[in-house]
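Peer 1: prediction below, plus the sequence it came from.
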Number of protein chains: 2
Amino acid sequence: MRRIVIVEDDIYLREEVIHTFQRAGYDAEGLVSFENVEEQLTARHPNLAILDVNLPGKSGYELCKSLKIRDSFPILILTARDTLSDELMALGLGADDFLTKPCHPDRLLARAERLLQTYDKLRSILQIGPLSLDTDTYKLVCVDRIRILAETEGKIMKLLMERYPDTVSKGELFSAVWGTEEFVDENILQVNVSRLRKNLDGIGLGDVIRNIRGKGYILEVDNL
Amino acid sequence: MRRIVIVEDDIYLREEVIHTFQRAGYDAEGLVSFENVEEQLTARHPNLAILDVNLPGKSGYELCKSLKIRDSFPILILTARDTLSDELMALGLGADDFLTKPCHPDRLLARAERLLQTYDKLRSILQIGPLSLDTDTYKLVCVDRIRILAETEGKIMKLLMERYPDTVSKGELFSAVWGTEEFVDENILQVNVSRLRKNLDGIGLGDVIRNIRGKGYILEVDNL
DNA sequence: CACAAACCTTACAACAGTTGTAAGTGGTGT
DNA sequence: ACACCACTTACAACTGTTGTAAGGTTTGTG
């Protein structure tokens, strides 16, 4: 079932929206605390997030922007701020739709379902900034250049993107790619990182994988 | 450059919209005849279509629906009909966004750019009904079942989807897959169709490729 | 600066998956 | 009943991927 997470501090409106989606057969839930909204959201792996922008604490716009760097689910902004510049701001930061309160439940539902449908086809795609990776086929795309990675290289790239912007230890890479941290030649990881780097270089992505001596590998995509 | 095609019979509004997009650096053009709108649109391979629903001739809604069966570009409905049921209808038929006239150029632009951005990641995906095929990797998806096809099988599937709902002659298949209609063993096509069918069967798509004796092959996806 | 540890690269052979060939079976229309 | 078209399976050549081996380079430390 599709999970929809609602971030809205007005409890009455929140419950109404939740019920709208539950009646339509979705697994809808709302956040009740507005600390660490970003962590709470990503931890629940929603298929869609509905966001108010007037939240206690961090601005909804900032939240939207930082969620959209790693583009895993669509974001629908639902807010009382109804000026054009609010809408332009939201869309410019990557929001997928923008609706103003009060909003008819049917409209909200239709818009939400539209987004769910479109993002269905993107389910398997990991995104970090301008870089995207299809985790089924290991097709890597950067702007308009593409490359299809071999399985081992793809698995490494996948983990690096999932853990971004953290460093990934060699042990983690071993268990993700070979299923064990032990009994595997240390060198084989380096060989495959080397191959992966050569591949990335071929599409203009030199120096994207950086090694942290003694710690592991990390993705660097700031300058793109 | 991104091509945007505008389908709008009010010439003044049409020109205004065209200019809005041209100023923003897009290749924007409008249809001037409203016969065969669907053929005109698909022939121009737009990255986005902007559609009025009150057209002379065929209803914009019907048009939207039949365009969306093969989902190659996003559709933004721009119309004077501003009731909720119009919006629900449009979204239900697969339209990607719905705006009412008069519409501020900046809003239109922002919404359009949002769609272009999202569909960038779907550029390589062919869709016929519930079936989608990534033409770079030959990943075939039907609802939630996926299969990655080998290159030759993928090329055959690709052509069958592109030509849907027409029959594809063996000659066309030969030139698309092997680059020549001659000097290739007749049998090799049958072998690969056989392999493809076995693959499709594996994801619950038995009997999707039908042979028309003496004519060629055709895709049948009505019953899905 | 010398040394060791960590990291990187290239070449190669084993392997897996894909391709076309060959040969034979099954079905359809006249 | 016959010819023709369509289908299927087995097999060997080929292609791209993988891990191993061996040697080179960089980095931090005493």
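Peer 2: Yep, that arrived. Numbers count the residues shown, from 1 in each chain, chains lettered A, B, ... in the order given.
Peer 1: close to chain B, is the helix or strand residue A:61 falls within?
Peer 2: Secondary-structure assignment from DSSP states H and E places residue A:61 in helix A:60-69. No - using Cβ under 8 Å from any Cβ of the partner chain, helix A:60-69 stays clear of chain B, coming no nearer than 10.3 Å. The C-beta positions use only the backbone N, C-alpha and C, and glycine is treated the same way.
Peer 1: show me what contacts residue A:125?
Peer 2: A:71, A:132, A:133, A:134, A:135, B:121 (Cβ atoms under 8 Å, 6 or more residues apart in numbering or on different chains).
Peer 1: any chance of the residues you listed in TSV, plus neighbour count?
Peer 2: As requested, the contacts of residue A:125 are exported to TSV (neighbours: other Cβ atoms under 10 Å in any protein chain shown):
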residue	neighbour count
A:71	21
A:132	20
A:133	23
A:134	24
A:135	16
B:121	18
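Peer 1: among those residues, which one sits closest to DNA strand C?
Peer 2: Lowest distance from DNA strand C to the contacts of residue A:125 (Cβ to the nearest atom of the strand) belongs to residue A:134, with 16.0 Å.
Peer 1: does that closest one touch residue A:123 like I think?
Peer 2: No - the pair residue A:134 and residue A:123 does not pass the contact test of Cβ atoms under 8 Å, sitting 10.0 Å apart.
Peer 1: and after the helix holding residue A:61, which helix or strand comes next?
Peer 2: Past helix A:60-69, heading to the C-terminal end, the next element that is a helix or strand (DSSP H and E) is strand A:75-79.
Peer 1: what strands line up against that next one, and which way round?
Peer 2: For strand A:75-79, the pairing partners within the sheet under DSSP bridges are strand A:48-51 (parallel), strand A:97-100 (parallel).
Peer 1: buried set for the last one?
Peer 2: Same thing as strand A:97-100. Using 16 or more other Cβ atoms under 10 Å in any protein chain shown as the burial criterion, the residues of strand A:97-100 that qualify are A:97, A:98, A:99.
Peer 1: got the contact list for that strand?
Peer 2: By Cβ under 8 Å, 6+ apart, the list of residues contacting strand A:97-100 from outside reads A:74, A:76-82, A:86-87, A:90-91, A:107-108, A:111, A:114-115, B:97.
Peer 1: go through the helix holding residue A:61 and flag the buried ones.
Peer 2: In helix A:60-69, residues buried by neighbour count (16+ other Cβ under 10 Å) are A:60, A:61, A:63, A:64, A:65, A:67, A:68.
Peer 1: and if you look at stretch A:109-124?
Peer 2: Neighbour-count burial for stretch A:109-124 [16+ other Cβ under 10 Å]: A:109, A:110, A:111, A:112, A:113, A:114, A:115, A:116, A:118, A:119, A:121, A:122.
Peer 1: ok, for the fifth one, nearest residue in space, not its chain neighbours?
Peer 2: For residue A:113, the nearest residue in space outside its immediate sequence neighbours is residue B:91; the separation is 7.6 Å by Cβ to Cβ, 6 or more residues apart in numbering or on different chains.
Peer 1: chain center to the helix or strand of chain A with the lowest mean pLDDT: distance?
Peer 2: For chain A, scoring each helix and strand by mean pLDDT, DSSP states H and E identifies helix A:60-69 as the least confident one, at a mean of 89. Centroid separation between helix A:60-69 and its chain, computed with Cα atoms, centre = their mean, to the nearest Å, is 10 Å.
Peer 1: next one: stretch A:32-41
Peer 2: With Cα atoms, centre = their mean, you get 15 Å for stretch A:32-41.
Peer 1: what mean pLDDT would you report for it?
Peer 2: Mean per-residue pLDDT for stretch A:32-41: 91.
Peer 1: convert the C-alpha atoms of it to CSV, please.
Peer 2: What follows is stretch A:32-41, C-alpha atoms only, in CSV (Å, rounded to 0.1, in the frame of the first residue of the first chain):
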residue,chain,number,x,y,z
VAL,A,32,3.1,14.9,15.6
SER,A,33,6.5,16.4,16.5
PHE,A,34,8.2,19.0,14.4
GLU,A,35,11.8,18.3,15.5
ASN,A,36,13.9,16.6,13.0
VAL,A,37,11.2,16.6,10.4
GLU,A,38,13.6,15.6,7.6
GLU,A,39,14.9,12.6,9.5
GLN,A,40,11.4,11.5,10.5
LEU,A,41,10.2,11.8,6.9
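Peer 1: got the buried residues for that stretch?
Peer 2: So for stretch A:32-41, counting by 16+ other Cβ under 10 Å, buried means A:34, A:37, A:41.
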